[in-house]
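Chemist: Provided below for reference: sequence and predicted model.
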Amino acid sequence: FDAVLAMYHDQGLIPFKSLSFSNGTNFTAGLNVIRTSPDHGVAYDIAGKNKAEESSFRQAIYVACDIHKNRLFSEEINENPLEEYNPSQKVQLITILDVVEHLPHPHRDFKKMHEILDDNGSIVLVTPNIESTQRKLFGRKWFQFKPREHISYFSPHTLGMLAEKNGFKIIKTFSSGQYADLGFINHRLHRYEFTILASVFEKFMRVLGLKDTSWYINTGSILTVLQKA
């Protein structure tokens, strides 16, 4: 678990606020963006901003629930892994945002989610799109190519096959993205070897006083809603 989180290093997408706890663990949370962005800011992403430990991951879940208190979720938290979840305790909504590409056994996990989901329940899923325009444009330098942490890549078609084989149907599919600040954009320009442009861009944004501004960028990720077939 710690090894996965330690490698989950490339999602510095928005201005973050540091949070500390009595047990000494730390993680970061872009609270304003979490409230407004439908496709980012889940507990896994929060805990994985930098190297994190399991205790900080657990604390991130509590903060995520606190953010949405009296909105969607109760304060009850089940810390058991998915494979140990009691299928008699049905749920109406499962969110797996920027997660499925990390799963070593997606078919097994989708079968388990089918067991625990209410008949009228839904899954909201986000994952990078291997057929996106961005991937075709940047080729092997596509920022979602992370061999040590992204195990599987999906297109809308192959994601539909995964869903269908495990008893789900796709209700809606959208193209989605992420929020990015100056640091993230500058990092991407350097990664794609636009060094001069990166330097000019950074100076330009600082002169305009926009260095702490964040923008929504559609990266072409797949955001899909699933229900039981």
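Modeler: Nice, I can see it. Being a predicted model, the structure only gives us computed values, none of them experimental.
Chemist: Identify the residues contacting Thr219.
Modeler: 128, 132, 134, 176-178 (Cβ atoms under 8 Å, 6 or more residues apart in numbering). Any C-beta I mention is one placed from the backbone N, CA and C, and that applies to glycine too.
Chemist: Okay, and which of the residues you listed map to strands?
Modeler: Judged by DSSP state E, those include 176-178 as members of strands.
Chemist: what about Val124, helix or strand, and which?
Modeler: strand 117-127 (DSSP states H and E).
Chemist: With Glu193 instead?
Modeler: Using DSSP H and E, no helix or strand contains Glu193.
Chemist: Kindly provide the distance from it to Arg148.
Modeler: 22 Å (Cβ to Cβ, to the nearest Å).
Chemist: same thing with Ser221?
Modeler: 20 Å.
Chemist: contacting residues around Ile217?
Modeler: 177-180.
Chemist: Can you name the residues bridging to it?
Modeler: Gln178 (DSSP bridges).
Chemist: picking up where we left off before, give me the sheet partners of the strand holding Val124 and which way each runs.
Modeler: strand 91-97 (parallel), strand 214-228 (antiparallel).
Chemist: Now the weakest link among these, please, by mean pLDDT.
Modeler: The stretch with the lowest mean pLDDT among the strands paired with strand 117-127 is strand 91-97, at a mean of 83.
Chemist: which stretches of the chain form strands?
Modeler: 17-20, 26-29, 91-97, 117-127, 168-181, 214-228.
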